[in-house]
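Chemist: using only what follows, build the 3D model:
(chains A and B)
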There are 2 protein chains.
Amino acid sequence: MRLTGLSAFPITPADAGGRVDRPALRRLVARLCEAGVDSIGLLGSTGSYPYLTREERRGALEAALDEAAGRVPVMVGVGALRTDEAVRLTQDARDAGAAGGLLAPVSYTPLTDDEVFEHFATVAREGGLPLCIYDNPATTHFRFGPALVGRLSPLPGIVAVKSPGPEPEIVAAHLGTLRGVVPEGFSLGYSGDWNATEALLAGADAWYSVVAGLFPQVGVGIVRAVRAGDAAEARRLDARLRPLWALFREYSSLRVMVACADLLEICHAVPPRPILPLAAKARRKVAAVLADLDLG
Amino acid sequence: MRLTGLSAFPITPADAGGRVDRPALRRLVARLCEAGVDSIGLLGSTGSYPYLTREERRGALEAALDEAAGRVPVMVGVGALRTDEAVRLTQDARDAGAAGGLLAPVSYTPLTDDEVFEHFATVAREGGLPLCIYDNPATTHFRFGPALVGRLSPLPGIVAVKSPGPEPEIVAAHLGTLRGVVPEGFSLGYSGDWNATEALLAGADAWYSVVAGLFPQVGVGIVRAVRAGDAAEARRLDARLRPLWALFREYSSLRVMVACADLLEICHAVPPRPILPLAAKARRKVAAVLADLDLG
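Modeler: Numbers count the residues shown, from 1 in each chain, chains lettered A, B, ... in the order given. Here you go, the predicted structure:
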C-alpha cells in the first residue's frame, strides 16, 4: 500500500440502530472511484468505525470492497479498545480484500507509549495488513510524539502515519521532524481538511480528506493543482471552502457530512446514537453553505 | 438504591484474552461483603468494564451477584459507546439482580451536553435500573457541568452522581454548587481515593473507592471515623495511605490494584491488553509500599 495524494474518507451510511445501508455505501464508493481519488479510507472516524460492531463493519467492508475492487485501493479503520479485537478486525479487512489498515490507539484508561508500541506491533504482526498509524488525539486522547513514530516506523508492515494537520506556519517543521525519524519511503500524511492544502504544498505525501469522501472533485482539484506546481490555484480552491471548514470546526466533520449527504439526497443516514443529527439551526447553516459552494 | 458511605470497586480478574476468572471475582466480592462495605461497584473503571464484551460482563455479573445476593447491594458499570448497547447492558445488570447502574458518557467523537442528556435519559427510561451519573473526564473526556447535572438529576431513575474528587480546599464549594441544582435526597459522591476523606468530612454522601475494592477495611475504617465525627482519626488513617495514593497517581489505580492483587496472591490477573502489567521497577515500588502498610 503506497499512500500518496488524495485519500477520501466517506461516511458509513447507517440507521439509528447501526444497520449499514449497503446500497448507499456502494453509491458513495462509486462516486469516489469515478472521481479518481488515489485511495479510499473506509470506516475512518467520519465513517463511525468505533460505533460499529464487528458484524456491522463486515457488512460495510463487503459492500465497499466489492464496489472498489480493481479500481481504487481501500484502507480500512481497524481500531478497537482491545488489542485482540483490533487484530481480528484487521484480519477481517484483509480477508475482504483491503489494501491496508488504519489503526488508532483507541483508549479508555490513558495509555503509555510502551503500551501503544506493543499494541501496534501486535496488530502489525498478526493482522496481515500494512498499517497506517492513525494519530487523532481529539478522539483517542493519545498523542504520538516523534520518538514513538520513530520506534514504530521501522516495524515490518507499518508504512505510514496520518497526523492531525498542523497550522500552516509549522507544517514544514513538523514534516521535517518526522522525516528525520522514519525510514525512506515511509508515507507522511495529514487529516484536518482546513490545513491540508498547505501541508501538501509543504511536501506531505498524502491528504486524508473528509470533504473528498462526499465531494471528491473538490479534493482532486486541489491535489492536481499541487502536483502541477500551481500553489496559487491550490490556495484559491482551498480558500473557497473556508465556510465549510468553519462548519467542520464548529460541529465536527462527521455531523456536517451526514447532514450534507442528507440535504443533497445522496443518502439518508443518521450518526450513531448518542451522536445526534445537527439541530435545525445548524442544518440551515450547512444548507446555506452548500447552496453557495455548489460542490456537486 | 441509596448510595451512601463506602462503595468498594473491585478489579475484574481476567486473563490476557478477557476471560473473567469467576472464582477469583467471587473471592474478592466475599471479602467486601465480610468487611461490611455499604455497596459494591462492579465493573467500574478499575473493573475494566469498557474492555469486556457483553458476554464477558455477563459472566462477571453472574459470579459477583450470586456471591453478594442478600448481603450487599451491587451497582454495575453499564457504560458503552453506543446508546443502544448501554441500554442492553443495563437490562443485563437488572436481570442479574443489580441494585443500580453506573453510567459514564464513554466517547470517541466528543459529545455535546444535549447528546449526553439524551443518552442518559434513554438509558434511564429503557434500562430498568436506577442510575448513578459517572463523571470521569480522565477516561471519557467529557466533563459534567452543574447545569447538566441539574438537568439530569430530576429524571426518574437518576439518583446519584459520582464526581472526580476535587482538591480539599474546594470540595465544600463543589458540594454546595451541586446541592443547589439537584433534588433533595439525590446522592453526591466522589471517586479519587486521595481526596475522598476530605470530601466525606465536607459532607459528601458516598466515597467510590478503588482501594476498598481490595482492602475494604481501610475504607471502612475511614468512613467509620467520619461517621463518628472523629475527623482527626479519619485524617490519620488517610495520611498513612499517602504512599499508595502516590502510586495511584503515577501508574493509575487499575494498574496498581492488579499488581497488588498479584503480589499478595489474592488473584493472578492481568490488565486488558493494550494495558500492560506494571514493569519490574514499578512493581517493586508497589511491593515496598504494601510491605510498609500491611493492609491485609
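Chemist: CA only for contacts and neighbour counts going forward, please
Modeler: OK.
Chemist: pLDDT weak spots in chain A?
Modeler: By pLDDT under 70, the low-scoring segments of chain A are A:296.
Chemist: show me the helices in it, by range?
Modeler: Under the criterion DSSP state H, chain A contains helices at A:22-35, A:54-68, A:83-96, A:113-127, A:137-140, A:146-152, A:168-179, A:196-201, A:211-214, A:216-227, A:231-240, A:242-251, A:253-263, A:280-293.
Chemist: what would the ones you listed look like in a markdown table with mean neighbour count and distance to chain B?
Modeler: Output for the helices of chain A, formatted as a markdown table (neighbours: other CA atoms under 10 Å in any protein chain shown; distance: least, CA to the nearest CA, whole Å):
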| stretch | mean neighbour count | distance to chain B |
| --- | --- | --- |
| helix A:22-35 | 20 | 21 |
| helix A:54-68 | 20 | 12 |
| helix A:83-96 | 22 | 5 |
| helix A:113-127 | 19 | 5 |
| helix A:137-140 | 17 | 5 |
| helix A:146-152 | 16 | 15 |
| helix A:168-179 | 16 | 25 |
| helix A:196-201 | 25 | 21 |
| helix A:211-214 | 25 | 17 |
| helix A:216-227 | 20 | 23 |
| helix A:231-240 | 16 | 25 |
| helix A:242-251 | 16 | 10 |
| helix A:253-263 | 21 | 8 |
| helix A:280-293 | 14 | 14 |
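Chemist: distance to B:Arg249 added to those helices, as TSV?
Modeler: Listed next are those as TSV, based on distance: least, CA to CA, whole Å:
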stretch	distance to B:Arg249
helix A:22-35	45
helix A:54-68	35
helix A:83-96	25
helix A:113-127	17
helix A:137-140	21
helix A:146-152	23
helix A:168-179	32
helix A:196-201	38
helix A:211-214	41
helix A:216-227	45
helix A:231-240	45
helix A:242-251	33
helix A:253-263	35
helix A:280-293	41
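Chemist: so which of those helices is nearest B:Phe144?
Modeler: Among the helices of chain A, helix A:137-140 comes nearest to B:Phe144, with 17.8 Å by CA to CA.
Chemist: tell me how far the closest one lies from the chain's centre.
Modeler: In terms of CA atoms, centre = their mean, to the nearest Å, the centre of helix A:137-140 is found 13 Å from the chain centre.
Chemist: top strand in chain A by residue count?
Modeler: strand A:158-164 (DSSP state E).
Chemist: just want the angle from that one to helix A:168-179.
Modeler: Counting by axes from the mean of the first three to the mean of the last three CA atoms, to 10 degrees, strand A:158-164 lies at 160 degrees to helix A:168-179.
Chemist: which helices and strands sit right next to strand A:158-164?
Modeler: Packing partners of strand A:158-164 (3 or more CA pairs under 8 Å, 6 or more residues apart in numbering or on different chains; DSSP states H and E): strand A:131-134, strand A:187-191.
Chemist: who does the first one pair up with?
Modeler: I take that to be strand A:131-134. Applying DSSP bridges, strand A:131-134 is found paired with strand A:100-103 (parallel), strand A:158-164 (parallel).
Chemist: and among these, the most buried is which?
Modeler: Most buried of the strands paired with strand A:131-134, by mean neighbour count (mean count of other CA atoms under 10 Å in any protein chain shown): strand A:100-103, with a mean of 28.
Chemist: residues touching that strand, excluding its own?
Modeler: Strand A:100-103 is contacted from outside by A:1, A:44, A:74-79, A:90, A:93-94, A:120, A:129-134, using CA atoms under 8 Å, 6 or more residues apart in numbering or on different chains.
Chemist: same deal with stretch A:70-77?
Modeler: Stretch A:70-77 is contacted by residues A:1, A:33, A:37-45, A:49, A:65, A:68, A:93, A:98-104 when judged by CA under 8 Å, 6+ apart.
Chemist: buried stuff in it?
Modeler: Residues of stretch A:70-77 classed as buried: A:71-77 (neighbour count, 16 or more other CA atoms under 10 Å in any protein chain shown).
Chemist: tell me the one among the residues you listed nearest to A:Phe186.
Modeler: Among those, and counting by CA to CA, the member closest to A:Phe186 is A:Met75, at 15.9 Å.
Chemist: any idea how far B:Val72 is from the closest one?
Modeler: Note on A:Met75: its distance to B:Val72, by CA to CA, to the nearest Å, is 50 Å.
Chemist: what do you get for A:Gly219?
Modeler: 60 Å.
Chemist: likewise A:Ala24?
Modeler: 51 Å.
Chemist: same check, this time on A:Pro216
Modeler: Taken as CA to CA, the span from A:Pro216 to B:Val72 is 59 Å.
Chemist: what of A:Ala228?
Modeler: 71 Å.
Chemist: please apply the same query to A:Gly145.
Modeler: 46 Å.
Chemist: distance of A:Leu129 from chain B?
Modeler: As judged by CA to the nearest CA, to the nearest Å, A:Leu129 and chain B stand 19 Å apart.
Chemist: just give me the neighbour total for that residue.
Modeler: Using other CA atoms under 10 Å in any protein chain shown, A:Leu129 is surrounded by 26 other residues.
Chemist: isn't it right next to A:Arg88, touching?
Modeler: No - look at A:Leu129 against A:Arg88 with CA atoms under 8 Å: they stay out of range, at 11.3 Å.
Chemist: out of the buried residues of stretch A:70-77, which are inside strands?
Modeler: In strands, defined here by DSSP E, the members of those are A:74-77.
Chemist: and which of those residues is nearest chain B?
Modeler: In terms of CA to the nearest CA, no member of these lies closer to chain B than A:Gly77, at 13.7 Å.
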